[in-house]
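Undergrad: Need coordinates for the following:
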Amino acid sequence: MKTRILHLHDIPTTKCRVDLRLKELDYWVTSIEAGNLASLQQRKFEIVVLDVPACRLKPWLHEANSRFVLPLFWWCEERKPATTAPHDKVDGILCCGMNDNELQWSLLLGIKSFQRRLHLEREYSFLASKFEEKKLVDDAKIMLSKVKEVSETKAYEMMRTQAMNERKKLVEVAQAVLRTNNLSSRNTASSQLKKYDYTQ
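TA: Below you'll find the predicted structure:
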């Protein structure tokens, strides 16, 4: 079965017909103007090729990334300096000067690069969420230790015991502790305000 490529062109390269080059390599190619991306119905693609100038690459990369989780390639004109090209969301760079073998290898390497990027993004997202959970638990532990006048270790043990008894995650108990304390703080502040007569 042929690999499906979405070829998005804005101001396409003048050196060659990108869609024809890709079809010659036996890919199934859908070619549309980048401005029509929002109205695209067919979404079953394996690769996206952006045929846009360097100065317009970043916004179209952002747009493509918001719509697809696919390897993203930039088809550039070779005369562009390399310093204009790099971007962390570009998985590969293609150009008209490449022969068929070079294009095929670049596509294969770009797909591998995409898989690596996706893995790193997922790993980062997982670690970031774990860090946020740890921060919540630490904040709740400190708050509980002050409210109950116990050590932080004891406060942590109290939360852990509650989590096990209620069959909840520790972070859920921590969130409940922080919510309860914020609510009681607001109620205390509200009752203190009522003590004052601002009409005098």
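
Undergrad: going forward, measure contacts and count neighbours with C-alpha atoms only.
TA: Noted.

Undergrad: show me where this protein has helices.
TA: Secondary structure of the chain, counting by DSSP state H: helices at 18-24, 57-67, 100-148, 152-165, 170-195.

Undergrad: any idea how far the residue most central in space within the chain is from Gln115?
TA: By CA atoms, centre = their mean, the chain has its centre lying nearest to Glu121, at 6.6 Å. Distance, Glu121 to Gln115, using CA to CA, to the nearest Å: 10 Å.

Undergrad: before we move on, the earlier item: okay if I get the helices of the chain as a markdown table plus mean pLDDT and distance to Ser31?
TA: As requested, the helices of the chain are exported to a markdown table (pLDDT from 0 to 100; distance: least, CA to CA, whole Å):
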| stretch | mean pLDDT | distance to Ser31 |
| --- | --- | --- |
| helix 18-24 | 91 | 7 |
| helix 57-67 | 88 | 14 |
| helix 100-148 | 92 | 17 |
| helix 152-165 | 91 | 54 |
| helix 170-195 | 70 | 48 |
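
Undergrad: want to try CSV for those helices, with distance to Asp51 as columns?
TA: Shown next, in CSV, are those (distance: least, CA to CA, whole Å):
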stretch, distance to Asp51
helix 18-24, 8
helix 57-67, 9
helix 100-148, 15
helix 152-165, 54
helix 170-195, 46
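
Undergrad: mind checking how far the residue nearest to the centre of the chain is from His62?
TA: To His62, Glu121 is 15 Å away according to CA to CA.

Undergrad: now do Phe73
TA: 13 Å.
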